[in-house]
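>>> Sequence plus the predicted model coming up.
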Amino acid sequence: MYAQLQDIVDHPLPSLAVVGNLIIIESLLSVDNAAVLATLVGDLPASSASRRCATAFLGLICFAGCAWCLPRTW
């Protein structure tokens, strides 16, 4: 493990490239999710649309939290 960390410290550009690619991919996926959510609630009345949109975002946050925590328990 120490050798891997030392490699990151010695050569930071490949590691930063990986992090940058992850940021770009996550940003694109977030935009895609927002577009799908907007399409789904577009035909609903305004009062119902805002409530369902908030519920969907809450579900998204819960799902992302579970996906983040689950591999750490294995």
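Yes, it's here. Residues are numbered from 1 along each chain as shown.
>>> immediately after the longest helix along the chain, which helix or strand?
The single longest helix within the chain, with elements called by DSSP state H, is helix 12-41. Per DSSP states H and E, helix 12-41 leads on to helix 46-73 as the next helix or strand towards the C-terminus.
>>> Tell me which other helices or strands that following helix touches.
In terms of contacts (3 or more C-beta pairs under 8 Å, 6 or more residues apart in numbering; DSSP states H and E), helix 46-73 is packed against helix 12-41. Using the backbone N, CA and C atoms, a C-beta is placed for each residue, glycine as well.
>>> If you count neighbours, what's buried in the helix it packs on?
The neighbour-count check on helix 12-41 (16 or more other C-beta atoms under 10 Å) flags V41 as buried.
>>> How far does it sit from its chain's centre?
Distance, stretch centre to chain centre, for helix 12-41: 7 Å (C-alpha atoms, centre = their mean, to the nearest Å).
>>> and what of stretch 44-63?
From the chain centre to the centre of stretch 44-63 is a distance of 17 Å (C-alpha atoms, centre = their mean).
>>> Next, name the residue at the spatial heart of the protein.
The residue lying closest to the centre of the chain (C-alpha atoms, centre = their mean) is E26, at 5.2 Å.
>>> If I take the longest helix of the chain and helix 46-73, what angle do their directions form?
140 degrees (axes from the mean of the first three to the mean of the last three C-alpha atoms, to 10 degrees).
>>> counting contacts, what elements does helix 12-41 pack onto?
Using 3+ C-beta pairs under 8 Å, 6+ apart, the elements in contact with helix 12-41 are helix 46-73.
>>> In the helix it packs on, which residues are buried?
Neighbour-count burial for helix 46-73 flags C53 (criterion: 16+ other C-beta under 10 Å).
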